[in-house]
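Asks: My questions are about this predicted structure, shown below with the sequence.
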There are 4 protein chains.
Amino acid sequence: MHEEVVRFGVSMETDLLQRFDERIARQHYPTRSEAIRDLIRRGLVEEEWAAGAQDVIGTVTLVYDHHVRNLTQRLNEFQHRHAGEVIMSSHVHLDRHNCLEVVVVRGPAQRVRDLADHLRAVRGVKHATLSATTTGAGLP
Amino acid sequence: MHEEVVRFGVSMETDLLQRFDERIARQHYPTRSEAIRDLIRRGLVEEEWAAGAQDVIGTVTLVYDHHVRNLTQRLNEFQHRHAGEVIMSSHVHLDRHNCLEVVVVRGPAQRVRDLADHLRAVRGVKHATLSATTTGAGLP
Amino acid sequence: MHEEVVRFGVSMETDLLQRFDERIARQHYPTRSEAIRDLIRRGLVEEEWAAGAQDVIGTVTLVYDHHVRNLTQRLNEFQHRHAGEVIMSSHVHLDRHNCLEVVVVRGPAQRVRDLADHLRAVRGVKHATLSATTTGAGLP
Amino acid sequence: MHEEVVRFGVSMETDLLQRFDERIARQHYPTRSEAIRDLIRRGLVEEEWAAGAQDVIGTVTLVYDHHVRNLTQRLNEFQHRHAGEVIMSSHVHLDRHNCLEVVVVRGPAQRVRDLADHLRAVRGVKHATLSATTTGAGLP
């Protein structure tokens, strides 16, 4: 962290500032600056995805019943076929039937969405979500 | 607008500030302060809805085919039955078949969601969206 | 409604069907078919917006304090300058200070988003939401 | 998978069915039934979170700069303090500066959201997303 830091002024109605201070306390932020930086970074990452950025990261969370025939096998083979994009996965045993698998994917936004769609569509996968995040590069 | 306005300092990495300035230009904000106030207000309104606030406003946008038998009639009667909550509606003729109707609803968040569900479920309504907004009261 | 209607079979676990039936009752759907058509149409409209369709409709809901100097005037002039895209607006008086304005915009998805950003960024506008909907054309 | 499976009929305009078939091909679904079951399950999980269910799963994805003093340490200690809820985490090295950490959390929906807020607010965390998913129990 050898980033140069600047300081600038923000004007705000006292009532709005009070409501903001209460909210960032509920959200556990140490300072107003950290909360504001977070709001800004969140907007920048949303814009990257909306603009179809070429290098983003997505976390795909799958919940499935591992008793479905060959399902674990098929999910594993799918990930291997896309080894350039699937950078890792982790597995959690939820109960006797249900597994959770977290698959981290990197690539162009459209491609990451497509791989998430692919995983969601596999028969036996009950639920799939995609978290749209960033490589962090160029995002101080 | 006789609100008292205060000014406070925000610290930020220069690179992040530069990306923020580029973004707020794309979004047409006149100043950083206005952009930051907007990010904060948006968070506050989201929280109101998530917490089930007792007095919020929702805009329900319906697209439907007015040739479906009795549909316009049924939508109108529904709104009248809920006249305490439906505060107005406007109608746009999109083409020979399709109409757009904007219905503004006020009440507890859960109730506004329920009325939107009701309108969406009417046979012949093709698409319904709910914009979750605020009465503005207590939101400087 | 001279559309030809077909019927096809869907297979589902009895437990899932029961949970679905309970949910569509809570959502006030008259039939399973209507609920399923709605889920499908919602996905199609989302895809239109994500793909940057050339002709969509957006409803922009603004909440603002009309005491802010010239604000009503500026919002009105903005809409007139974009008269080809802004197809109507309605106004609601919420209380002594706050107004709600619903602006219906039609055009390419990217352009509709840009006009919504523009309206949100006007000083004095407290909150702006965009409902992403459809012209209904080609959407049975 | 010893679930009993039933079959029921859905009626739909031929044009809508055609657009649905094109879309599920783009999404890689093997059958219409699988696509429809997925739409239904997604709605059920959204409702669980909106209703504040007592046992859900969330995946929190964090991107951070591990050069921020003590950050890795602090994130680790935080997770240990909440060991009853944080069920696992995985770590990916993105580049010389940036790390990605995936934290799987289980508990009441409101509590999972609160832990995600906590992690997001830690100084040095650039971006945090929460994927709202399910334990899969009772969700065929």
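Replies: Cool, got the structure.
Asks: quick one: contacts for residue A:139?
Replies: Applying Cβ atoms under 8 Å, 6 or more residues apart in numbering or on different chains to residue A:139 gives the contacts A:41, A:44, A:45, B:16, B:19, D:63, D:126, D:127. C-betas here are computed from N, CA, C, even on glycine.
Asks: I'd like to know which elements the longest helix along chain A is packed against.
Replies: In chain A, with assignment by DSSP state H, the single longest helix is helix A:32-50. The elements that helix A:32-50 packs onto, with contact taken as 3 or more Cβ pairs under 8 Å, 6 or more residues apart in numbering or on different chains; DSSP states H and E, are helix A:14-26, strand A:125-133, strand B:5-13, helix B:14-26, helix B:32-50, helix D:109-121, strand D:125-133.
Asks: how far off helix C:32-50 does it point, in degrees?
Replies: Orientation of helix A:32-50 against helix C:32-50 (axes from the mean of the first three to the mean of the last three Cα atoms, to 10 degrees) gives an angle of 100 degrees.
Asks: any idea of the angle helix A:32-50 forms with helix C:109-121?
Replies: Using the same axes, to 10 degrees: helix A:32-50 against helix C:109-121 is 160 degrees.
Asks: pretty sure residue A:108 is in contact with residue A:49, am I right?
Replies: No - with contact defined as Cβ atoms under 8 Å, residue A:108 and residue A:49 do not form a contacting pair (10.4 Å).
Asks: Quick check: neighbours shared by these two?
Replies: residue A:56.
Asks: if you count what's nearby, which of these two comes out ahead?
Replies: Higher neighbour count among residue A:108 and residue A:49: residue A:49, with 18 against 14, using other Cβ atoms under 10 Å in any protein chain shown.
Asks: Pull the contacting residues for that one.
Replies: Here residue A:49 is in contact with A:56, A:109, A:132 (Cβ under 8 Å, 6+ apart).
Asks: Return the member of the residues you listed nearest to chain D.
Replies: In terms of Cβ to the nearest Cβ, no member of those lies closer to chain D than residue A:132, at 6.7 Å.
Asks: how is chain A carved up into domains?
Replies: Segmentation of chain A into domains, based on automatic domain parsing, reads A:14-50, A:56-133.
Asks: Would you format those domains as JSON lines with mean pLDDT included?
Replies: Compiled in JSON lines, these are given as follows (pLDDT from 0 to 100):
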{"stretch": "domain A:14-50", "mean pLDDT": "96"}
{"stretch": "domain A:56-133", "mean pLDDT": "95"}
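Asks: and residue A:44, what is it in contact with?
Replies: So residue A:44 contacts A:139, B:19, B:20, B:23 (Cβ under 8 Å, 6+ apart).
Asks: swap in residue A:109?
Replies: A:48, A:49, A:51, A:52, A:53, A:54, A:56, A:132.
Asks: Leaving out sequence neighbours, find the closest residue to the third one.
Replies: It stands for residue A:51. residue A:109 (8.0 Å; Cβ to Cβ, 6 or more residues apart in numbering or on different chains).
Asks: Then the last one?
Replies: Taking Cβ to Cβ, 6+ apart, and ignoring the residues beside it in sequence, residue A:132 has residue A:49 as its nearest neighbour in space, at 4.8 Å.
Asks: do the fifth one as well
Replies: Spatial nearest neighbour of residue A:53, chain neighbours left out: residue A:109 (5.3 Å); criterion: Cβ to Cβ, 6+ apart.
Asks: of all the contacts of residue A:109, which two lie farthest apart?
Replies: A:54 and A:132 (14.3 Å; Cβ to Cβ).
Asks: more crowded one of those two?
Replies: Applying other Cβ under 10 Å to residue A:54 and residue A:132 shows that residue A:132 carries more neighbours, namely 21 against 11.
Asks: Bridged to that one, which residues?
Replies: Judged by DSSP bridges, the bridge partners of residue A:132 are residue A:58.
Asks: Equivalent analysis for residue A:99, please.
Replies: residue A:64, residue A:93.
Asks: Count the neighbours of it for me.
Replies: Neighbours of residue A:99 using other Cβ under 10 Å come to 19.
Asks: give the contact list for it.
Replies: A:62, A:63, A:64, A:65, A:66, A:72, A:91, A:92, A:93.
Asks: got these as TSV, with neighbour count columns?
Replies: Output for those, formatted as TSV (neighbours: other Cβ atoms under 10 Å in any protein chain shown):
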residue	neighbour count
A:62	25
A:63	24
A:64	24
A:65	20
A:66	16
A:72	16
A:91	16
A:92	17
A:93	11
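Asks: Show me which of the residues you listed is closest to chain C.
Replies: Nearest to chain C among these, with distances taken as Cβ to the nearest Cβ, is residue A:65, at 10.7 Å.
Asks: neighbours around residue A:123, how many?
Replies: Residue A:123 has 17 nearby residues by other Cβ under 10 Å.
Asks: just residue A:7 next, same as before
Replies: Counted with other Cβ under 10 Å, residue A:7 comes out at 10.
Asks: distance of it from chain C?
Replies: 23 Å (Cβ to the nearest Cβ, to the nearest Å).
Asks: Quick one: end-to-end distance for stretch A:77-86.
Replies: 11 Å (Cα to Cα, to the nearest Å).
Asks: Buried residues, it. List them.
Replies: A:79, A:82, A:85, A:86 (16 or more other Cβ atoms under 10 Å in any protein chain shown).
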